[in-house]
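Asks: The sequence isn't on hand, but the structure is:
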Ligand SMILES: Cc1cc2nc3c(=O)[nH]c(=O)nc-3n(C[C@H](O)[C@H](O)[C@H](O)COP(=O)(O)O)c2cc1C
């Protein structure tokens, strides 16, 4: 019997009412659905019916964008994902949370609790949060500089892992007769003293069913890649061309190996924005209708924001103002990952601003096509060393998730590229990741009574 064929992982990224910023105007759901837990639970049930790996929620502790232009706020992810976990049985739940605007003990506790409540299906998408809007909600005048954000993030993640490990797997005894609930020698203080934090521990909940929540990292700068290579189980990334995807994939696998890790223990999951029709023509018509509703001005505003350019410098049918696009310093306040992905695409293909706006949606590669064409592009990246899986951003919910599950998943299954059923209860099972042991196992160091 040969080894199980390599199969892709697929996440469903519920971005508001859809990846297209005008989804709310299309009328498929009430514009306030992004505040209705039933809306999220419905998409999660559809995605679980398609045996997807996880529901993913992006996040930032600030109102993202113009409140007048559309539903730009977000409910707090761990609360939404708890309700999703209780409405589903297998699908994973990935919560984005910032290392810049949280503290390690409370966040480790919140995510550890989600992992317990979901039966081992939780993950943390680690971000450092670019932009001044969030900073100003926490007493700062602007975002901490990129290097400092990541210095804090590295220490933050190490503390969270120590806290999740602070109860060994066999710490719980629960012997009613003898009145012994846990083995004190297997519940450890972590005694962390670092540049940014001092945390004694232990965590006030035992180790979770999958050992620890899965760690996802989103951010493709040098610092982002270094953190992912050392610590992450998966990387959510934003490459827009197969070549860039292959280069990033090879680099990340090599970086993980350089930390002594099995390269397969780090899953590379590029984002993909989709518009799916029964034919390519139908998909393109749907995209054109949404773009028409949105208007080119709003699309240009998104390009300008991601490239940290003033809108007035963008000329619709000309190339980007290359003389204004500097080097890494320009993304001090943005995301290097998104910046590079768009610049590389525009430069390589000499795209006009209008063409670039039509190729990118929610910061990611946009493909509009039939179910076969969507399956083809997923297969192309998966078999050609550019992805272990994908984080999907359909143009609109719930129809965008429904059509993927009903028409693309069956094709992927027929091609042997995707599971037909869940083979285990935890998110680590879905992603093919090992269950990590506690770093304190067999360490003679008991918590002070
Ligand atoms: C694919 C991808 C997804 C991201 N999602 C978020 C998010 O949900 N919230 C957030 O604050 N930052 C998000 N970011 C930005 C970074 O995680 C983070 O804010 C960081 O400052 C910039 O990352 P980078 O410069 O390493 O790319 C994302 C970045 C990438 C590449």
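Replies: Right, received. Where do you want to start? If you're wondering where the values come from, they're calculated on a predicted model, not measured in any experiment. Residues are numbered from 1 along each chain as shown.

Asks: Output the set of residues of the stretch 301-449 of the chain in proximity to the ligand.
Replies: 331, 335-338 (Cβ under 6 Å from any ligand atom). The C-beta positions use only the backbone N, C-alpha and C, and glycine is treated the same way.

Asks: hmm, try it at 8 Å
Replies: When proximity is defined by Cβ under 8 Å from any ligand atom, the stretch 301-449 of the chain lies next to the ligand at 331, 334-341, 363-364, 391.

Asks: which residue ranges form the strands in the stretch 251-400 of the chain?
Replies: 267-276, 360-361, 364-369, 389-394 (DSSP state E, counting those that start in this stretch).

Asks: export those strands to a markdown table and tack on mean pLDDT and mean neighbour count?
Replies: What follows is those, written out as a markdown table (pLDDT from 0 to 100; neighbours: other Cβ atoms under 10 Å):
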| stretch | mean pLDDT | mean neighbour count |
| --- | --- | --- |
| strand 267-276 | 98 | 26 |
| strand 360-361 | 90 | 26 |
| strand 364-369 | 96 | 23 |
| strand 389-394 | 98 | 27 |
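
Asks: Tabulate the ones you listed (CSV), appending distance to residue 222.
Replies: Below are those laid out as CSV (distance: least, Cβ to Cβ, whole Å):
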stretch, distance to residue 222
strand 267-276, 17
strand 360-361, 23
strand 364-369, 21
strand 389-394, 22
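
Asks: which stretch among those strands comes nearest residue 253?
Replies: Closest approach to residue 253 among these is made by strand 267-276 (7.7 Å; Cβ to Cβ).

Asks: Parallel or antiparallel, which strands does the closest one pair with?
Replies: strand 234-237 (parallel), strand 364-369 (parallel), strand 389-394 (parallel) (DSSP bridges).

Asks: Of the ones you listed, which is nearest residue 6?
Replies: Evaluated over the strands paired with strand 267-276, closeness to residue 6 peaks at strand 389-394, with 10.6 Å, by Cβ to Cβ.

Asks: just how off-centre is that closest one within its chain?
Replies: 9 Å (Cα atoms, centre = their mean, to the nearest Å).

Asks: Ok, stretch 68-83 next?
Replies: On Cα atoms, centre = their mean, the centre of stretch 68-83 falls 15 Å from the chain's centre.

Asks: Over to stretch 278-298?
Replies: 26 Å.

Asks: And for stretch 364-380?
Replies: 20 Å.

Asks: Contacts for it, please.
Replies: For stretch 364-380, the external contacting residues (Cβ atoms under 8 Å, 6 or more residues apart in numbering) are 8, 19, 238-242, 270-280, 282-284, 286-287, 341, 358-360, 386-387, 390, 393, 403-404, 407-408, 411-412, 415, 417.

Asks: how long is that stretch end to end?
Replies: End-to-end distance of stretch 364-380: 17 Å, with Cα to Cα, to the nearest Å as the criterion.

Asks: Residue 361 and residue 20 touch, don't they?
Replies: Yes. Here residue 361 reaches residue 20: they are 6.4 Å apart, a contact under Cβ atoms under 8 Å.

Asks: Now for the two: what residues contact both?
Replies: With Cβ under 8 Å, 6+ apart, residue 361 and residue 20 have common neighbours residue 395.

Asks: Residue of the stretch 251-400 of the chain closest to the ligand, please.
Replies: Closest approach between the stretch 251-400 of the chain and the ligand, counting by Cβ to the nearest ligand atom: residue 337, at 2.8 Å.

Asks: was I right about that residue contacting residue 217?
Replies: No. Assessed by Cβ under 8 Å, residue 337 is found out of contact with residue 217, at 10.2 Å.

Asks: In terms of neighbours, single out the busier of the two.
Replies: Each of residue 337 and residue 217 has its neighbours counted (other Cβ atoms under 10 Å); residue 217 has more, 28 against 23.

Asks: Kindly list the main-chain dihedrals of that one?
Replies: phi -120, psi 140 (degrees, to the nearest 10).

Asks: Please name the bridge partners of it.
Replies: residue 126, residue 235.

Asks: wait, doesn't it sit right on residue 224?
Replies: Yes. Using Cβ under 8 Å, residue 217 makes contact with residue 224 at a distance of 6.5 Å.

Asks: show me where pLDDT drops low in this structure?
Replies: When residues are selected by pLDDT under 70, those of the chain lie in 1-4, 326-334, 443-449.

Asks: now the helices: where do they sit in the stretch 251-400 of the chain?
Replies: 280-294, 296-306, 336-349, 353-359, 371-383, 399-403 (DSSP state H, counting those that start in this stretch).

Asks: Point out the one among these that comes closest to residue 96.
Replies: Of all the helices of the stretch 251-400 of the chain, helix 336-349 comes closest under Cβ to Cβ, at 13.9 Å.

Asks: elements contacting that closest one?
Replies: helix 222-231, helix 242-258, helix 296-306, helix 353-359, strand 360-361 (3 or more Cβ pairs under 8 Å, 6 or more residues apart in numbering; DSSP states H and E).

Asks: Just name the most buried of these.
Replies: Burial of the helices and strands packed on helix 336-349 is given as mean neighbour count (mean count of other Cβ atoms under 10 Å); strand 360-361 ranks first at a mean of 26.

Asks: Quick check: neighbours of that one in the sheet, parallel or antiparallel?
Replies: strand 364-369 (antiparallel).

Asks: So stretch 142-149, near the ligand or not?
Replies: Yes. Stretch 142-149 reaches the ligand (Cβ under 8 Å from any ligand atom) through 143, 146, 149.

Asks: circling back: please identify the deepest-packed of the helices of the stretch 251-400 of the chain.
Replies: Highest mean neighbour count among these (mean count of other Cβ under 10 Å): helix 399-403, a mean of 22.

Asks: Packing partners of that helix?
Replies: With contacts taken as 3+ Cβ pairs under 8 Å, 6+ apart, helix 399-403 sits against helix 37-49, strand 267-276, strand 389-394.

Asks: export these to TSV and tack on distance to residue 60?
Replies: What follows is these, written out as TSV (distance: least, Cβ to Cβ, whole Å):
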stretch	distance to residue 60
helix 37-49	18
strand 267-276	16
strand 389-394	16
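
Asks: who wins for proximity to residue 164 among those?
Replies: Residue 164 sits nearest to strand 267-276 of all the helices and strands packed on helix 399-403, at 19.4 Å, using Cβ to Cβ.

Asks: Tell me the gap between the closest one and the middle of its chain.
Replies: In terms of Cα atoms, centre = their mean, the centre of strand 267-276 is found 11 Å from the chain centre.
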